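Chemist: build me a model:
(4 chains)
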There are 2 protein chains.
Amino acid sequence: MSPRQAQPSDTAASRDTPARDLPHRDVRGGVKGIPEATVARLPVYLRALHGLKERGVMTVSSEELASAAGVNSAKLRKDLSHLGSYGTRGVGYEVEYLVYQISRELGLTQDWVVAIIGVGNLGRALAGYGGFASRGFRVAGLLDADASTVGQRISGLTVEHIDQLETIIKDHGVSIAVIATPASAAQPVCDRVVAAGVTSVLNFAPVVLTVPEGVDVRKVDLSIELQILAFHEQRKAGGPHEEYVEVHQ
Amino acid sequence: MSPRQAQPSDTAASRDTPARDLPHRDVRGGVKGIPEATVARLPVYLRALHGLKERGVMTVSSEELASAAGVNSAKLRKDLSHLGSYGTRGVGYEVEYLVYQISRELGLTQDWVVAIIGVGNLGRALAGYGGFASRGFRVAGLLDADASTVGQRISGLTVEHIDQLETIIKDHGVSIAVIATPASAAQPVCDRVVAAGVTSVLNFAPVVLTVPEGVDVRKVDLSIELQILAFHEQRKAGGPHEEYVEVHQ
DNA sequence: TGATGTGAACATCTTCACAGCG
DNA sequence: CGCTGTGAAGATGTTCACATCA
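Modeler: This next block holds a predicted model:
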């Protein structure tokens, strides 16, 4: 029961809770266990499907949907096969039906209550992000420690003082906390939201958060993304400076 | 030479350019090829090392550094072994030396010039992000299409009109573009920056970008992160609604 | 002696190629 | 026939456990 740190994976937003902590067991006794890599792509498919739906497309082949989602068709079919046999051989997938099935699998047929902690530019951007409300995510609170920010109205919500954190989480049943505070505040805030009952954290602060078992942490980190791009830029340009080339083997 | 789309991987910020397009060949003839998963963790190690350095730590064991970075020590050692033998058996790694080696490997010993396109709340947050300047990333321009935004001074830079895009990219040698525009503008903007010579794109817009071969795209997508968290929340709570349980098998 | 570096085992993910079905 | 769904092969990533060496 010792606290664990969010495990960086090969991503900017990395998943906590390795398989050994939360085995992919089907709670109802089966062995469904959708692979993590598939779970991470389902939202992309869902977005592509919504686009098709808006354009009036009723049916889509794995080739078309894969192309819209930026993956190859084999991967798409394998991914969808983990949800069930929702396609029709010789035809493709019914857009509306697939939207429903993926939404249900992702848990988007119910509402999730979110609190955003830290209302700087980033917090404001997040609060105003349309993608929140559009799919089952309801922002129950914006919180900040700065007295001059508290009380401001942003995207239809009034910023509340961080002192209200526990109250808001409990009163609104917040299960997902978005941490957009400065780095130094992130861990203390994380500890508080977890203590108050939050079990999922989306962390924008550039720190590795430590959380108890059973709490999921994903992180989004601009600086890491840029550094990964820099690595590839450098490789395109010819690798690290020549004078050090032979250091490794 | 056909355009390809950014491939979503298991991440919010996913890497473009699968191995078949840019094989991990050492440009100088070797076979170094640091694994992508390792590259994605190096920035995390680097951050942890900077923290240790500031606290005056001179030497660190794989166990300690791994703990600070939120990974296990075997993974850390394997990752570092791809860079070379920079540790001392029985002792550990010299913090300063390792900082330098990782920085060099990531291409942070040189400066990268960045342009941020789209100066909404998100663009402002990015422009003000300290992590930019602190490590080899210089913001050469903030651009926006909105007349009332153009001319504003933000974090020491004046917002310029999107018409200046090509000029700024060429004059400043921008190699990384950060796209923080609305979804509808992202692909056209991406096409323009690529045409002007940019070879790395960090995309915050919720769309799959299509780019020519040789251009790297990574994406950061709040909505996808939340949906992944929702999936795990749902799993903790007992899986998709019971009445549909038997649909799959 | 004690920690690194690494081969080997294991696990996960991707791609291939085609069986099987509407 | 044309497409999905999927075993099998291949590639990549992780962990183990210990040989190796300062």
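
Chemist: in terms of secondary structure, what does the longest helix seen in chain A contact?
Modeler: In terms of residue count, the longest helix belonging to chain A (DSSP state H) is helix A:36-54. Contacting helix A:36-54 under the criterion 3 or more Cβ pairs under 8 Å, 6 or more residues apart in numbering or on different chains; DSSP states H and E are the following elements: helix A:62-69, helix A:73-81, helix A:95-106, helix B:222-237. For the C-beta atoms, the positions are set from N, CA and C on the backbone; glycine is no exception.

Chemist: that one and DNA strand D, any residue contact?
Modeler: No: for helix A:36-54 and DNA strand D, the contact criterion (Cβ under 7 Å from any atom of the strand) is not met; the two come no nearer than 10.0 Å.

Chemist: just after that helix, pick out the following helix or strand.
Modeler: Using DSSP states H and E, the next helix or strand after helix A:36-54 towards the C-terminus is strand A:59-60.

Chemist: can that following strand be found next to chain B?
Modeler: No: Strand A:59-60 lies out of reach of chain B by Cβ under 8 Å from any Cβ of the partner chain, never closer than 15.0 Å.

Chemist: centre of the chain to that strand, how far?
Modeler: When distances are taken as Cα atoms, centre = their mean, to the nearest Å, strand A:59-60 is centred 27 Å away from the chain's centroid.

Chemist: before we move on, what about stretch A:211-222?
Modeler: Distance of stretch A:211-222 from the chain centroid (Cα atoms, centre = their mean) equals 10 Å.

Chemist: can I get it in PDB, CA atoms only?
Modeler: Below are the C-alpha coordinates for stretch A:211-222, written out as PDB (Å, rounded to 0.1, in the frame of the first residue of the first chain):
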ATOM      1  CA  VAL A 211      -0.100   8.800  -5.700                       C
ATOM      2  CA  PRO A 212      -1.500   5.800  -3.800                       C
ATOM      3  CA  GLU A 213      -2.400   2.600  -5.500                       C
ATOM      4  CA  GLY A 214      -5.600   2.700  -7.400                       C
ATOM      5  CA  VAL A 215      -5.300   6.300  -8.500                       C
ATOM      6  CA  ASP A 216      -4.600   6.900 -12.200                       C
ATOM      7  CA  VAL A 217      -2.300   9.700 -13.200                       C
ATOM      8  CA  ARG A 218      -1.800  10.900 -16.700                       C
ATOM      9  CA  LYS A 219       0.500  13.800 -17.500                       C
ATOM     10  CA  VAL A 220       0.800  16.400 -20.300                       C
ATOM     11  CA  ASP A 221       4.100  18.000 -20.500                       C
ATOM     12  CA  LEU A 222       5.000  20.600 -23.200                       C
END
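
Chemist: helix or strand for the residue lying closest to A:Asn121 once chain neighbours are set aside, which one?
Modeler: The shortest distance from A:Asn121 to any residue other than its chain neighbours is 3.5 Å, reached at B:Ala125 (Cβ to Cβ, 6 or more residues apart in numbering or on different chains). Assignment of secondary structure by DSSP H and E places B:Ala125 within helix B:121-127.

Chemist: quick revisit: pull out the buried residues from the longest helix of chain A.
Modeler: A:36, A:38-49, A:52 (16 or more other Cβ atoms under 10 Å in any protein chain shown).

Chemist: got the angle for that helix vs helix B:222-237?
Modeler: With axes from the mean of the first three to the mean of the last three Cα atoms, to 10 degrees as the basis, helix A:36-54 and helix B:222-237 are set at 120 degrees to each other.

Chemist: circling back: buried sites along the helix or strand just after the helix holding B:Ala125?
Modeler: Toward the C-terminus, helix B:121-127 is succeeded by helix B:131-134 as the next helix or strand (DSSP H and E). By neighbour count with 16+ other Cβ under 10 Å, helix B:131-134 contains the buried residues B:131-132.

Chemist: quick check: A:Leu165 touching A:Asp191?
Modeler: No: under the criterion of Cβ atoms under 8 Å, A:Leu165 lies out of contact with A:Asp191, with a separation of 10.8 Å.

Chemist: ok, those two, which is more surrounded?
Modeler: A:Leu165 (23 against 15; other Cβ atoms under 10 Å in any protein chain shown).

Chemist: residue contacts, that one?
Modeler: A:115, A:117, A:143, A:189, A:192-193, A:196 (Cβ atoms under 8 Å, 6 or more residues apart in numbering or on different chains).
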